[in-house]
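Peer 1: Provided below for reference: sequence and predicted model.
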Amino acid sequence: MSYLGVGVSPGKYAAGSKNDSKAIDRKVRLAELILRTAVCGLALVAALLVATDTQVKEIFTIRKKAKFTDMKSLVMLVVVNGVAAAYSLVQTFRCVVGMVRGSVLFNKPLAWLIFSADQVMAYMIVAAIGAAAQSAAFAKLGEPQVEWMKVCDMYGKFCTQVGEGIASSVLACASMIIVSAISAFSLFRLYAGNKAW
C-alpha cells in the first residue's frame, strides 16, 4: 500500500521492499568498507606521526631530546592507534570478501563479536585521545601551580607534530564511532525476522 492507501498493491510493495532492502544493504556495506578503510589509514597516520616525532634542543652544552616515549599518554595513543589500524585492516578485508561473495552477516554470534569489538575499539580511541589531549594541554600551557613549564615553548616542532597526530586520531575516532553505529544496525536487523529494512 502507498502512504495514502492508493496505487500500489501489497504484492508489489513487498517485492519493491525486498529490492529496497538489497539496495540499502549494498549502500551500508559500501559505507562500512569506506569508513573502515578510513579508520585504518587515519589511525596508522596518527601512530606514525607521534611515534616518529623527535626534536633535539641544546641547552648550553646539554642536549635534550623530546620523543613520544617521554609521555606515557603518547605511548598509549601510538599503541591504541596501531591496534585500531590493524583491527580495521582485518575488518576491511572481511568487508571486501563479503562484498565479493555478495553475502552479509548471517549469524548472530559473529555480528555480536564485530559489534562488541567495534565498541571496544571506539572507546579505546576516545580514552587515548583524552589522555593525549590532556598531556598536550599541559605541554602547551604549563601548570604554574605545580611549576610545570610550557614544554612547547622549547619543543615547538615536536608539539606541532603531536598535535597533527592527535587530530588524525580524532578523525579516526569519528569514523570508528560511525562504524560502530553501522555494526549495531547490522546486528539488530538480524533480530527483525522477515521485516524489510
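Peer 2: The structure has been received and is ready for your questions. Numbers count the residues shown, from 1 in each chain.
Peer 1: Can you check which helix is longest in the protein?
Peer 2: The longest helix of the chain (DSSP state H) is helix 10-51.
Peer 1: now that one, how far from the centre of its chain.
Peer 2: Mean-position distance between helix 10-51 and its chain equals 14 Å (C-alpha atoms, centre = their mean, to the nearest Å).
Peer 1: Could I get the buried residue list for the helix or strand hosting Asp153?
Peer 2: Of the helices and strands defined by DSSP states H and E, Asp153 is found in helix 151-154. Judged by neighbour count (16 or more other C-beta atoms under 10 Å), helix 151-154 contains these buried residues: Val151, Cys152. Where you see a C-beta, it was placed from the backbone N, CA and C, and this is true even at glycine.
Peer 1: and the angle for the next helix or strand after that helix with helix 10-51?
Peer 2: Toward the C-terminus, helix 151-154 is succeeded by helix 156-188 as the next helix or strand (DSSP H and E). Computed with axes from the mean of the first three to the mean of the last three C-alpha atoms, to 10 degrees, the direction of helix 156-188 lies at 160 degrees from that of helix 10-51.
Peer 1: and helix 156-188, what does it pack onto?
Peer 2: For helix 156-188, the contact count by 3 or more C-beta pairs under 8 Å, 6 or more residues apart in numbering; DSSP states H and E identifies helix 10-51, strand 54-59, helix 72-101, helix 108-141, helix 151-154 as packing neighbours.
Peer 1: which residues are in contact with the last one?
Peer 2: In this case it means helix 151-154. Contacts of helix 151-154 from elsewhere in the structure, counted by C-beta atoms under 8 Å, 6 or more residues apart in numbering, are Lys57, Ala66, Phe138, Ala139, Lys140, Gly142, Phe158, Cys159.
Peer 1: Which of those residues ranks first by neighbour count?
Peer 2: Ranked by neighbour count under the definition other C-beta atoms under 10 Å, those are headed by Ala139 with 24 neighbours.
Peer 1: Noted, bye for now.
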